[in-house]
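Curious how this folds, go ahead:
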Amino acid sequence: MRKLTFALWTGGYLSLALIVALLLWRTGATPAVGLSAFIGALGLCFAFHGLISQTFMGGGLRLEIETVREAHAILLDQIEKVDARVTDLVESVAQDAQRRSEALSTEVHQLEDLIQQMNDRLEHQLSHQVAAASARHTSLGRERAPHASHMLQVVQDALAENRVDLYLQPIVSLPQRRTVFYESFSRLRDEAGRVMMPAEYLAVAEPEGLMTAIDNLLLFRCVQIVRRLAKQDRKVGIFCNISLASLGDETFFPQFLEFMQGNKDLAGAVIFELGQAAFERRGPVEARHMARLAGLGFSFSLDKVNDLDLDFQDLARADVKYLKVGAQMMLDQLEEQDGKLVITSLPDLNASDFAALTRRYGIEVIVEKVEAEKQIAEILDLDIGYGQGHLFGEPRAIRDAVLAEAEPPQDFIRGALRRRAVGW
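Now for the predicted structure:
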């Protein structure tokens, strides 16, 4: 269609140029003048045609550009609306998830408090029963309260039949949340397979000297788990609880030390843990045994911390390398004085400098019992390097297949029980 239109315009221009040339020729002009007029008229026609076409094309192009700009503006507006809706949706989902997480954490915390209260009451009752039974002991034997006697038999059977499970809870680096340690827990099961909480059996296990057997089994399994992880090129350590009774047992400790002597290559991966109250009650025997373990390269951790006004020099001398502080306890200790955030028990120290202070003594702070994301923001402001709690992972039982690889020799626990039976 465009070619036909151009041909018609060309024919018209030729006709117009011929008319101009004929008019000049009839008025007496020479043929050369007529030919020049023909060519000039034809050139002018094509020149005007080109100018007019260019003008129309420019106008059309500008119109199309404006149309594209309007479409682009409409598209940007729609994209911004969609982005705003997506942002609102993400924020709504995040807020809903945080509300649910906080609600769940609150429920878990309430449940743990309830269980702890029940355990405390049970421990209190058992303590009274054991105390009442102790009053009736004779030189030939001791009569135990029925419940305490039954519980003691359950604990002995669980140890003898190896119904002791190993639980591991991750300890992560902050803020990366990468697992760098595990804390180990032992849980006993009765004949029916019910898992017993520590408060149930500690009241009878500690007075009867059974904690050494439990510590021995837990340690053996921790060593085997560390070796298994090392084979998988996983460089993580395990915190292994040890009781003050085990550290002070002159019969048990030599065997314990001999076992650790044979595994001193794991000195950087096995950390012994005891509570602050137990650490402060240690006597010369316990301190000497801790020093012998430290001489093999092993270090210690302090948990159940309820007072941050610590003797850090004493901790450093005892090779304590880690300090576990409850997250909520730590946050409850914070208060603002003279425009700066301080720790209540250490009012002369900025709260943000507490972790730096412990590091000067070679001690790293671990916040435990972290249950909510809102706790993390405040903890990170304190420059604390490690965290532990349900937010990062709950204690989980080691699978039976893995636990079977970490089983001690058959006479491992029976030997400890036989040695303890001599005192009975």
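
got a list of contacts for stretch 259-267?
219-220, 223, 226-227, 270, 293, 296-299 (C-beta atoms under 8 Å, 6 or more residues apart in numbering). C-betas here are computed from N, CA, C, even on glycine.

at 7 Å instead, please
Stretch 259-267 is contacted from outside by 223, 226, 293, 296-298, using C-beta atoms under 7 Å, 6 or more residues apart in numbering.

Which positions within it qualify as buried?
260, 263, 266 (16 or more other C-beta atoms under 10 Å).

Now do the same contact list for residue 276.
Residue 276 touches 302, 304-306, counting by C-beta under 7 Å, 6+ apart.

per-residue confidence averaged over stretch 22-33?
In this model, stretch 22-33 has a mean pLDDT of 71.

Hmm, I typed the wrong one, I wanted stretch 333-341.
In the prediction, stretch 333-341 has an average pLDDT of 88.

What are the buried residues along stretch 290-303?
290, 292-294, 298-303.

Which ones among these lie within helices?
Members of the buried residues of stretch 290-303 lying in helices (criterion: DSSP state H): 290, 292-294.

from those, which is closest to residue 393?
The closest of these to residue 393 turns out to be residue 293 (C-beta to C-beta; 28.1 Å).

count of residues packed around residue 171?
Counted with other C-beta atoms under 10 Å, residues neighbouring residue 171 total 25.

In contact with it, which residues?
180-183, 366, 386, 388.

One more: residue 356?
Residues in contact with residue 356 (C-beta under 7 Å, 6+ apart) are residue 383.

Pretty sure it sits in a helix.
Yes. Under DSSP: H, G, I helix; E, B strand; the rest coil, residue 356 falls within a helix.

re earlier: closest to residue 22 among the ones in helices among the buried residues of stretch 290-303?
Of all these, residue 294 has the smallest distance to residue 22: 123.5 Å, by C-beta to C-beta.

Just put the contacts of residue 171 in a markdown table and tack on pLDDT and distance to residue 210.
Converted to a markdown table, the contacts of residue 171 look like this (pLDDT from 0 to 100; distance: C-beta to C-beta, whole Å):
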| residue | pLDDT | distance to residue 210 |
| --- | --- | --- |
| 180 | 93 | 32 |
| 181 | 94 | 27 |
| 182 | 94 | 24 |
| 183 | 93 | 21 |
| 366 | 96 | 29 |
| 386 | 96 | 32 |
| 388 | 96 | 27 |
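
Mind giving me the ChimeraX select for those residues, buried ones only?
To isolate the buried subset of those in ChimeraX, counting by 16+ other C-beta under 10 Å, use the following:
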select :181,182,183,366,386,388
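
What about the contacts of residue 171, which are in strands?
180-183, 366, 386, 388 (DSSP state E).

Turn those into a markdown table, columns for distance to residue 352.
What follows is those, written out as a markdown table (distance: C-beta to C-beta, whole Å):
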| residue | distance to residue 352 |
| --- | --- |
| 180 | 22 |
| 181 | 24 |
| 182 | 28 |
| 183 | 26 |
| 366 | 17 |
| 386 | 16 |
| 388 | 21 |
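
thinking again about what came up before, and which of the contacts of stretch 259-267 is nearest to residue 22?
residue 226 (113.3 Å).

So that closest one sits against residue 238, correct?
Yes. Assessed by C-beta atoms under 7 Å, residue 226 is found in contact with residue 238 at 5.6 Å.

any shared contact partners between these two?
269-270.

returning to what we had before: and which of the contacts of residue 171 is nearest residue 14?
For the contacts of residue 171, the nearest to residue 14 is residue 180 (92.4 Å; C-beta to C-beta).

So that closest one sits against residue 235, correct?
No. With contact defined as C-beta under 7 Å, residue 180 does not reach residue 235; the gap is 8.4 Å.

Which stretches in the stretch 201-350 of the chain count as helices?
Secondary structure of the stretch 201-350 of the chain (DSSP state H, counting those that start in this stretch): helices at 211-231, 244-248, 252-261, 276-281, 284-295, 312-317, 327-332.

Good, wrapping up.
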